[in-house]
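Peer 1: Below are the sequence and a predicted model for it; my questions follow.
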Amino acid sequence: CIPIFFGCQTKIKPDGVEQVAHICPRCNNASVIAAKKKTWFELFFIPVVPLSSKHVWVCTICQWRTANGPGLPEPAVAYNPGYNAGYSVGYNPTYPK
């Protein structure tokens, strides 16, 4: 009698090359990216047949995820123009010589 190993595994890969980071609603980090989730039927740990494929939002820190598609809400975009470490715009510190 030969044992047969089979199962289903879900793999998540980022969509595209460059992405704008979004804010995670769970951990509040700017680490949510668009990704594609595929579930495969595996035989002897080799992916054989794709069973399903979905687009999702995934947080790379806390692993939160939700569906991504037309008509579905998306996480807020992480946007911080001109980060200046708490100084007012145009602040130029002068140090004693």
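Peer 2: Cool, the structure landed. Keep in mind it's a predicted model, so treat the numbers as computed, not measured. Numbers count the residues shown, from 1 in each chain.
Peer 1: When you work out contacts or count neighbours from here on, use the C-alpha atoms and nothing else.
Peer 2: Fine.
Peer 1: what lines up beside the helix or strand His55 falls within in the sheet?
Peer 2: According to DSSP states H and E, His55 maps onto strand 46-59. In the sheet, strand 46-59 lines up against strand 30-43 (antiparallel), strand 65-67 (antiparallel) (DSSP bridges).
Peer 1: just those: most buried one?
Peer 2: Counting by mean count of other C-alpha atoms under 10 Å, strand 30-43 has the highest mean neighbour count of the strands paired with strand 46-59, with a mean of 19.
Peer 1: so how far is it from its chain's centroid?
Peer 2: 9 Å (C-alpha atoms, centre = their mean, to the nearest Å).
Peer 1: Likewise for stretch 61-72?
Peer 2: With C-alpha atoms, centre = their mean, you get 8 Å for stretch 61-72.
Peer 1: circling back to that earlier point, got TSV for the strands paired with strand 46-59, with distance to Glu18 and mean pLDDT too?
Peer 2: Shown next, in TSV, are the strands paired with strand 46-59 (distance: least, C-alpha to C-alpha, whole Å; pLDDT from 0 to 100):
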stretch	distance to Glu18	mean pLDDT
strand 30-43	10	92
strand 65-67	19	91
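Peer 1: In a markdown table: those strands, plus distance to Thr10.
Peer 2: As requested, these are exported to a markdown table (distance: least, C-alpha to C-alpha, whole Å):
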| stretch | distance to Thr10 |
| --- | --- |
| strand 30-43 | 4 |
| strand 65-67 | 13 |
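Peer 1: and Gly7, which of those strands is closest to it?
Peer 2: strand 30-43 (5.3 Å; C-alpha to C-alpha).
Peer 1: Put the alpha carbons of that closest one into CSV.
Peer 2: Extracted C-alpha coordinates of strand 30-43, given in CSV (Å, rounded to 0.1, in the frame of the first residue of the first chain):
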residue,chain,number,x,y,z
ALA,A,30,1.3,51.8,6.0
SER,A,31,1.8,48.2,4.9
VAL,A,32,-1.3,47.1,3.0
ILE,A,33,-0.7,46.1,-0.6
ALA,A,34,-2.8,44.6,-3.4
ALA,A,35,-2.2,40.9,-4.0
LYS,A,36,-3.5,37.9,-5.7
LYS,A,37,-4.6,34.9,-3.7
LYS,A,38,-4.6,31.4,-5.4
THR,A,39,-5.7,28.1,-4.0
TRP,A,40,-4.1,25.1,-5.5
PHE,A,41,-4.8,21.3,-5.4
GLU,A,42,-1.5,19.7,-4.5
LEU,A,43,-0.4,16.1,-5.1
